[in-house]
Each structure stands twice: as structure tokens, then as C-alpha cells.
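**Q** 3D model of this:
(one chain, ligands or ions: 1)
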Amino acid sequence: MRRATVAHKPIGSAGRAHVYEGMIRAARLAIVLVVALASACGGGGAANPDAAGASDGAADGAFDAAIDASPGAADARPDAGDCGTPTACAALWEQQASDRYDSLQGDPLALADFLRAVPKGGDLHNHLNGAVYAETYLEWARADGDCINSTTYAAVGASGCSTSTMPAPSSGAFFDAIVRAWSMQDFVAGTQSGHDHFFATFGKYGTIAGLHRDESLADIVTRAYGENQLYIETMFNLGKNTGTLAASLWSGTLTQADLPTLYASLTTNAGFTTAVTSDVNVVNSATTGLATALDCNGLSPPDACGVTVRFIAQVSRTGANDQIFGQLVGAFEMASRTSGIVGVNLSSPEDDTASINNYKLHMAMLDFLYAKYTATGASPLHITLHAGELTAAYLPTGSTANTFHIRDAVEVAHAERIGHGLDVMSETDPTGLLDEMAQKNVLVEVCLSSNDQILEVKGADHPLAQYLAHGVPVALATDDQGVSRSSLAGEYLKAALDQHLDYRQLKTVARQSLEHAFLPGASLWTAVGTAPVAACAPTDTMGVGDPANTACADFLAQSERARMQWELEHRFRVFEQQQ
Ligand SMILES: [Zn+2]
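**A** Numbering: from 1, shown residues only. Here you go, the predicted structure:
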């Protein structure tokens, strides 16, 4: 099947006149086509009502281009015969793609198509519950017989239906209102800020999300495949059993000085091993559940099964401190027992009063556990932290959080990556911090749509240019693409139009996403994008991304990361040669 027809139903007409929104919708258009195709194959995606004009010829052409650029169809290796050595050909084709990118700057719809097909490496900042579109949640809600509160738009299970709820609709004004309540669709700030509307969405559809974890995973993987991604690290709540046990062992205020005592009490408790085992089982069930939902073990697994997924334990920083500490311990313990979980992250609004009041303690917890597990080699868990997702306008009066959160995440909590890092220029000695992040090779997960919608930071106010100028590695990421009604391709489009990144910068962003992925194994690069390791150095018959010679193949066999990086380079070759 080469084409899909998507029913479309525009939502409302009160959308704000944001210049990029239509462009991003256009970018999403073709993604929807891919999702619809996958849905027909059992992928479970829902048609996106934003897909206006889905049946026009340009869309069909874009869809074909996406399929041609997709990994399943990219078997033919570039022919190096006409342009010299593989390295010379690669340089020629890259310039070709760069020229085409430049030529499309005045044609956002064509640029969106181009960027959807660009190989993208990984999405490193992806909240599973926020990644699914409202329409998809509503599809599942209808199948489950769920109801939606007609005033608050909160979903309840079938047993919770009452006179204040209505059955989950499939269309109409109520459907449109739910989509608006569960996302940033048509949002205009008024009595409610974008910040508050965004964070309020999660609780409204949470009941549905909680019952459809594996379908959610299948949904995000299917869409990732459709925009030429290789890898996703997605976040959801993990380590809850260990957290609950820790909470049961502590009463009263928890301070930094108490951490050794609580740690000893937790890890020597008779129920500790059982709690950790239960937490590990959750991770493993998500891995197997995804494979089942996508039918990856069937006779004809969809190509989306080729997208690699790893999990990051998401621990809410607004919870009780003893629970948080237990969950963090659980994350380190889980990672020592299953490769499914690779990282930990503290989530929930960073400008929440509880988050701010406990920030120093949370950093101290991670410092303590880093010494216990990471420094000793007891656990391979990595640390990434939301930090600096702040602006003065949303801080409690008198708070100085925007002067030290990023630095503490890096210097105290050993964060290898920073989520958002939006307020870096308000940190004490921002230049010194930027230089330190570059020197320590700390990557920033940049989420442009989210930053615009939650904190109204975009354009020249966004610090992306400062990070790039200081040599801090960055990757584009989606944060909550369902709530934002974006995609990784949409984030690339924002980077092009709002941040003015050139083609090679976007390519570097994609490469950095795999360089800083929490995958095991050595990097392909000694200098990202310019110098591969000696075993894989270009030869007269092989460039980076071509079929590897024996020495390089041996190297790649030892490293999951390097294999994925090699595949990314191959996809760049294929994509660029087609431009
Ligand atoms: Zn986030």
C-alpha cells in the first residue's frame, strides 16, 4: 500500500495567528499519512484532524518521498562511481542537500516535507503520556467505553460515567473542546496562561494514558519511523515500588544529612529486593508490551520495529521527598538489572513551589547516589535533568532559582544532559557556565515548541544560539509532542525558521542526539561528524556510512551506539544523494 487517505475535520477557527503553526501542521500532514498507514497495519495511530488537504497531490508526493527515504526502502547503497571516492561523493551530496535546504527557506511547506524526510537520530526528551495526540486518546477512550466530564474535560473509566460526564465522542463540538482542553490546539492565553493550560492537560487524559502504555509506545515509535528517526528515549514513571517502600520507612522531614540513614534502611529492608524486582518487571513488560503492540514478533513485523527504544525513569519533583529518594534508588537498581532503562530524570513543573523548595535536596540525592552507584560502577544509569525551564514571570516572588538550577544540575547532580536549559543567561556567570558545559560535554535537550507554549520564549530570546556559540552540544527534542501538537520534524522546522539553523547545523544536531544517547558502547566519532575512530576511517572504497570493512565491522559489532551512528550516516548518504 503506497497511499493512504485520511479523513480530515478542521478544528474550530479561533486559532491564534502564529506564523509557524500552519507550517508545522503542514509538516505533520505527511506524518499523519504515515500514521494512518501504520494504523491500517495494526499500529494503532489515529488520523489527525489537523491533516487538512491530505489528499492533494503535493501531500502524496511527500508521502512517497518519505517512504523512499525510509529505512525499509533504503537498501540501495549510493554509487560512488561518478563523483570520486566515497568521501568526495559524500561531500558533494551534502552540499547538494544544503543547497536544496537553502532554496526552500521561502517555501515553508516544501521545507517541512524536506525536514520530515531528513534523518534525525534520536528524540532524547520525550514524555510518553504527553507524546500521544488527543485524538488517539479519544479513540482508545471510545473503545473502552470511557466518559469525559463535560465541564472539566477529565476522562473517567466506564465505571465512572455519570450525569456530569458524556461518552467519549468521535466528532462534534464536544470532541473539539476536548482536543483543545487536552492540548495546545487553538490555545490563546487569557484567564489561563499557556504554562497552566499545558501542565493541566496531563491530568485530564491521565486515566486513558495509564491504561494504554504499550499502545502509546507503539504510537510514538510508529510516528518516529515515519519521520526517519532511529531512536527514542521516552520517560514515564518507574521505580514506584521502591519509592513506596522508602516512604513507608521514613516519617517526618527528610534532609540531606538523613540520606545515608534512609538509604541503609531501604536497601537492607526485607522487602527491598522484591520492590526492585517489581520495578524491573515494569520496565521489561514495557519492552515486551511494545513489541506485542507493534506485532514485532509476527511473520510480517512493521518497519517501525526497527526504531530502538529505551526508557528513562521519570520521578516527579513535586512528590514527597522520601518517595522521590526511593524512586531514584530504584532507578539505579533497575538499570543494574535490565538494559531497558538507561536514565533517570526529575519531572513536573520546575517552578512549582515544592520543586523550588526541595531543589537543593534533590540535587544532593543524586550526588549521593552517583557516589554509591555510578562512581563504583554498580549501575550504568545515566542522569538527565530538567533544569532552567524557568522564566522570571513564573517564579514565586523572591525566588532566585533561575540563577543556579542549571549549574547545580551539572556540578552537584552530575547531569550528563540538561532538559531545556532555557534560562542559562540568567544564571550567575552564564559565560562561565556555558564554557563549563562545553568542557564537560553536557548536552542540552532543546524543545522549541514546548518553550514557546509554556514559557513564551522563542526567536532571539531563546538561548539556542548562545549554546551553539559556546560549543555546547545540543539536540532537538519534542518534550510533549501530543500536547504541543508537534513532532520531531516540527521541531526541526522551528529550528530552521525560528532559530535559523543551517542544514549542516541540523545534521550536527541529529548526530549529537546519538552521541549523547544513553546507549551502551563507544562512539563512532573522535570528533562528532568530522573524525571517525581509526577503525572506521574513510578509505578509497569506503566512506562513513557505507558497508564497513573488516576492521570497522569489528568495531561496530562491539558498540550499539556506533552501529546506530553508522546507520544514521548511511541514511544521510541516501537522503542527500536524492536531493
Ligand atoms: Zn520535559
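**Q** Tell me where the longest helix sits in this structure.
**A** Ranked by residue count under DSSP state H, the longest helix found in the chain is helix 272-294.
**Q** what comes into contact with whichever helix or strand comes after it?
**A** Sequence order places strand 308-316 as the next helix or strand after helix 272-294, per DSSP states H and E. Strand 308-316 is contacted by residues 127, 217, 221, 230-239, 243, 283, 286-287, 290, 324, 327-328, 330-331, 334, 339-348, 384, 517-519, 564 when judged by C-beta atoms under 8 Å, 6 or more residues apart in numbering. Any C-beta I mention is one placed from the backbone N, CA and C, and that applies to glycine too.
**Q** Which strands border strand 308-316, and is each parallel or antiparallel?
**A** strand 231-237 (parallel), strand 341-347 (parallel) (DSSP bridges).
**Q** Mean neighbour count, those: which tops it?
**A** strand 341-347 (a mean of 26; mean count of other C-beta atoms under 10 Å).
**Q** got the angle between that strand and helix 272-294?
**A** 100 degrees (axes from the mean of the first three to the mean of the last three C-alpha atoms, to 10 degrees).
**Q** Let me see the mean pLDDT of strand 341-347.
**A** Confidence over strand 341-347 (mean pLDDT, whole number) is 98.
**Q** Pull the next helix or strand after it out as PDB, backbone CA atoms only.
**A** The helix or strand immediately downstream of strand 341-347 is helix 353-357, counting by DSSP H and E. The C-alpha trace of helix 353-357 is given here as PDB (Å, rounded to 0.1, in the frame of the first residue of the first chain):
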ATOM      1  CA  THR A 353       6.900  25.800  44.900                       C
ATOM      2  CA  ALA A 354       7.700  22.300  46.100                       C
ATOM      3  CA  SER A 355      10.200  21.800  43.200                       C
ATOM      4  CA  ILE A 356      12.000  25.000  44.100                       C
ATOM      5  CA  ASN A 357      12.000  24.400  47.900                       C
END
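**Q** State the mean pLDDT of helix 353-357.
**A** Averaged across helix 353-357, pLDDT comes to 96.
**Q** Over to stretch 178-198?
**A** Here the average pLDDT along stretch 178-198 is 96.
**Q** Between the two ends of it, how far is it?
**A** End-to-end distance for stretch 178-198: 14 Å, by C-alpha to C-alpha, to the nearest Å.
**Q** Stretch 475-489 too?
**A** OK, stretch 475-489 end separation, C-alpha to C-alpha: 13 Å.
**Q** Measure how far that stretch is from the centre of its chain, please.
**A** Computed by C-alpha atoms, centre = their mean, to the nearest Å, the chain-centroid distance of stretch 475-489 equals 7 Å.
**Q** What does Val446 show for phi and psi?
**A** With angles defined as degrees, to the nearest 10, Val446 sits at phi -90, psi 120.
**Q** If it is in a bridge, with which residues?
**A** Those that pair with Val446 in a beta bridge, by DSSP bridges, are Leu476.
**Q** can I assume it is in contact with Ala475?
**A** Yes. With contact defined as C-beta atoms under 8 Å, Val446 reaches Ala475; the gap is 6.8 Å.
**Q** one step back: who wins for proximity to Asn549 among the strands paired with strand 308-316?
**A** strand 231-237 (24.9 Å; C-beta to C-beta).
**Q** So what touches the closest one?
**A** 121-129, 131, 213, 217, 220-221, 224, 286, 307-316, 342-343, 345, 347, 513-514, 517-519, 564.
**Q** Quick check: which element contains Pro119?
**A** Using DSSP H and E, no helix or strand contains Pro119.
**Q** And the pLDDT at it?
**A** Pro119 is given a pLDDT of 98.
**Q** Give me the distance between the nearest residue to it once chain neighbours are set aside and Ile232.
**A** Closest residue to Pro119 apart from its sequence neighbours, by C-beta to C-beta, 6 or more residues apart in numbering: Arg571 at 3.7 Å. Distance, Arg571 to Ile232, using C-beta to C-beta, to the nearest Å: 16 Å.
**Q** right, and Gly529 touches Ala510 too?
**A** No. Here Gly529 does not reach Ala510: they are 9.4 Å apart, not a contact under C-beta under 8 Å.
**Q** And those two? Which one has more around it.
**A** The residue with more neighbours, out of Gly529 and Ala510, is Ala510; 25 against 18, by other C-beta atoms under 10 Å.
**Q** Check the gap between Leu249 and Ala510 for me.
**A** From Leu249 across to Ala510, the span is 45 Å (C-beta to C-beta).
**Q** show me where the stretch 351-500 of the chain has helices.
**A** Using DSSP state H, counting those that start in this stretch, the helices of the stretch 351-500 of the chain run over 353-357, 359-369, 405-411, 430-440, 448-455, 464-469, 481-484, 488-497.
**Q** Including distance to Met542, could those helices go into JSON lines?
**A** Below are the helices of the stretch 351-500 of the chain laid out as JSON lines (distance: least, C-beta to C-beta, whole Å):
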{"stretch": "helix 353-357", "distance to Met542": "50"}
{"stretch": "helix 359-369", "distance to Met542": "43"}
{"stretch": "helix 405-411", "distance to Met542": "38"}
{"stretch": "helix 430-440", "distance to Met542": "32"}
{"stretch": "helix 448-455", "distance to Met542": "36"}
{"stretch": "helix 464-469", "distance to Met542": "31"}
{"stretch": "helix 481-484", "distance to Met542": "37"}
{"stretch": "helix 488-497", "distance to Met542": "29"}
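**Q** most packed of the ones you listed?
**A** Sort the helices of the stretch 351-500 of the chain by mean neighbour count, taking mean count of other C-beta under 10 Å, and helix 481-484 sits at the top with a mean of 28.
**Q** could I have that helix exported to CSV, CA atoms only?
**A** The C-alpha trace of helix 481-484 is given here as CSV (Å, rounded to 0.1, in the frame of the first residue of the first chain):
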residue,chain,number,x,y,z
GLN,A,481,4.6,16.4,21.2
GLY,A,482,0.9,15.4,21.6
VAL,A,483,0.2,18.4,23.9
SER,A,484,2.3,20.7,21.7
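**Q** counting contacts, what elements does that helix pack onto?
**A** helix 128-131, helix 134-144, helix 194-211, helix 448-455, helix 488-497 (3 or more C-beta pairs under 8 Å, 6 or more residues apart in numbering; DSSP states H and E).
**Q** List of residues touching it?
**A** Helix 481-484 is contacted by residues 126, 130-134, 136-137, 182-184, 198, 201-202, 449-450, 453, 478, 487-488, 490 when judged by C-beta under 8 Å, 6+ apart.
**Q** One more pass at 6 Å, please.
**A** By C-beta atoms under 6 Å, 6 or more residues apart in numbering, the surrounding residues in contact with helix 481-484 are 130-133, 183-184, 201, 449-450, 453, 487.
**Q** got it, and stretch 278-287?
**A** 239, 241-242, 311, 330, 334, 337-338, 340-341.
**Q** so how many other residues sit close to the residue lying closest to Asn149 once chain neighbours are set aside?
**A** Residue nearest to Asn149 in three dimensions, not counting chain neighbours: Thr165, with 5.2 Å by C-beta to C-beta, 6+ apart. Using other C-beta under 10 Å, the number of residues around Thr165 comes to 18.
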